[in-house]
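Q: build me a model from this:
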Amino acid sequence: MPSLGGLSDLVADAGAYAENNKTTVVIVGGVTVFAGISLYMKRSSKRTKPGTFEIGSGSVDRSKVQDEVNDYYDEFNTLERGKGAVIDRKEKVANLVDKFYSLVTDLYEWGWGTSFHFSPLLPGKDWPACESAHEGRIAALIGLEPGKTALDVGCGVGGPMRTIAATSQGKVTGITINQYQVDRAAYHNSRLGLSHLCSPVRGDFLNMPFEDESFDGAYAIEATCHAPTLEQVYSEVYRCLKPGSVFVAYEWVTTPNYDEKNEAHVAIADEIIIGNGLPNLRSWKVAEDAGKNVGFKLLKSRDLAVKADGSLTPWWHRLSTSLKIFKLKAKFNHSLVTIAEYLGVAPKGMIQVHQMLVDTGIALIEGGEQGLFTPMHMLVFQKESESN
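A: Predicted coordinates:
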């Protein structure tokens, strides 16, 4: 067994490494070492973001992490990649997504920021600037302005909500299934002086606690992929919108290059499904049809990952610019997770979580490089006015 002194040195080295490689570390799972360490330290929720040694597991108790991991995997019909993974019991989706975000919210916020989404890479801009531009586009498309209110469907900890509200000066109400995310969103709203414009609410976006025709616009950023069917969530958005209002969705979907008969393609999709708590992975055409099926008029459908010349914007560079480098860093992180769990510093089950995150990161990079998957297919729908 390694000595405690050796462990201290290892943790110090790992901390320095992590501070310089946050995005990669959080995705490949080495940060889970810090999650375990944090359980021995007093954690304050009133932080701009979780510190390196304050990463927790949301509302999941340390002693139950292994059981939660096992239960998570049990919800899928198969874990054999390439066979078409889906969540067997659709009624369990909301509970599974709630658990998933309890486990990963601190990790995402620490290593990624408060906007849990990808974005097109803009020349000369860093990732935060790219994310803000991606979010700001929505404010313009839905016509949000002072005196109007928008609905954020699947708001997370509220990064996009705050950008959209601040740029438009309109009000935004966000809904998320996870209470821990509601608490974090409320804290950030208060810290940034935006509580008068931003309101997070806990609820199921398949049965939202809002009156009919109560919003002037709505949007969903990489969130409705968690719905059992898109019709279920789109119909609720439709109900809540005033006539003439616009709904914008950035959807996780397969592209025209994806072949459902190609086992290698299906294996990439399965990894994305299992590693992100998705009931399935739909095509862009399914998403288009879902909106029209519930009554929306489709105004625009465009994959924002595809440039005007047909080339791809490398959105996956948010994870790593090289799959080889990503895998090398993953090996380093795996050793940290293994040692931490062996010593009981990290909760039992974190090695499994680590491997899941590694495999998911690889699948996202491969899916992006091969043009099989996009996290940013933009759909612009309108609820037609009653006069039409």
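
Q: let me know the pLDDT of residue 129.
A: As predicted, residue 129 sits at a pLDDT of 96.

Q: how long is stretch 333-353 from one end to the other?
A: Stretch 333-353 stretches 12 Å from its first residue to its last (CA to CA, to the nearest Å).

Q: could you number the chain from 13 rather than 1 from now on?
A: Let's use 13 as the start, then, which means that last one is stretch 345-365.

Q: from the chain's centre, how far out does that stretch sit?
A: Relative to the chain's own centre, stretch 345-365 is displaced by 24 Å; criterion: CA atoms, centre = their mean, to the nearest Å.

Q: assign the residue nearest to residue 276 when sequence neighbours are not counted to helix, strand or coil.
A: Distance criterion CB to CB, 6 or more residues apart in numbering; nearest residue to residue 276, sequence neighbours excluded, is residue 94 at 7.2 Å. Every C-beta, even on glycine, is put in place using the N, C-alpha and C of the backbone. Reduced to three states with DSSP: H, G, I helix; E, B strand; the rest coil, the structure at residue 94 is coil.

Q: gap between the residue lying closest to residue 98 once chain neighbours are set aside and residue 279?
A: On the basis of CB to CB, 6+ apart, the spatially nearest residue to residue 98 that is not a chain neighbour turns out to be residue 292, at 4.7 Å. In this structure, residue 292 and residue 279 are 15 Å apart, going by CB to CB, to the nearest Å.

Q: and if you look at residue 157?
A: When distance is defined by CB to CB, residue 157 is 46 Å away from residue 279.

Q: one more: residue 288?
A: Distance from residue 288 to residue 279, by CB to CB: 15 Å.

Q: mind checking which of the two has more residues around it?
A: More neighbours surround residue 288 than the other of residue 288 and residue 279, with 21 against 18 (other CB atoms under 10 Å).

Q: let me know the pLDDT of the nearest residue to the more buried one once chain neighbours are set aside.
A: Among residues not flanking residue 288 along the chain, residue 372 sits closest, at 6.5 Å (CB to CB, 6+ apart). According to the predicted model, the pLDDT of residue 372 comes to 89.

Q: OK, contacts around residue 372?
A: When contacts are counted by CB atoms under 8 Å, 6 or more residues apart in numbering, residue 372 is found next to 39, 283-284, 286-288.

Q: what about residue 356, how many neighbours?
A: Counted with other CB under 10 Å, the neighbours of residue 356 add up to 9.

Q: what's near enough to touch the residue nearest the centre of the chain?
A: Compute the mean C-alpha point of the chain, and by CA atoms, centre = their mean the closest residue is residue 128, 4.7 Å away. Going by CB under 8 Å, 6+ apart, residue 128 touches 120, 168-169, 171, 234.

Q: ok, 6 Å please
A: Taking CB atoms under 6 Å, 6 or more residues apart in numbering, we find residue 128 in contact with 120, 168.

Q: for it, which three-state class applies?
A: When states are read from three-state DSSP, the local structure at residue 128 comes out as coil.

Q: how close does it sit to residue 330?
A: Computed as CB to CB, the residue 128 to residue 330 distance reads 11 Å.
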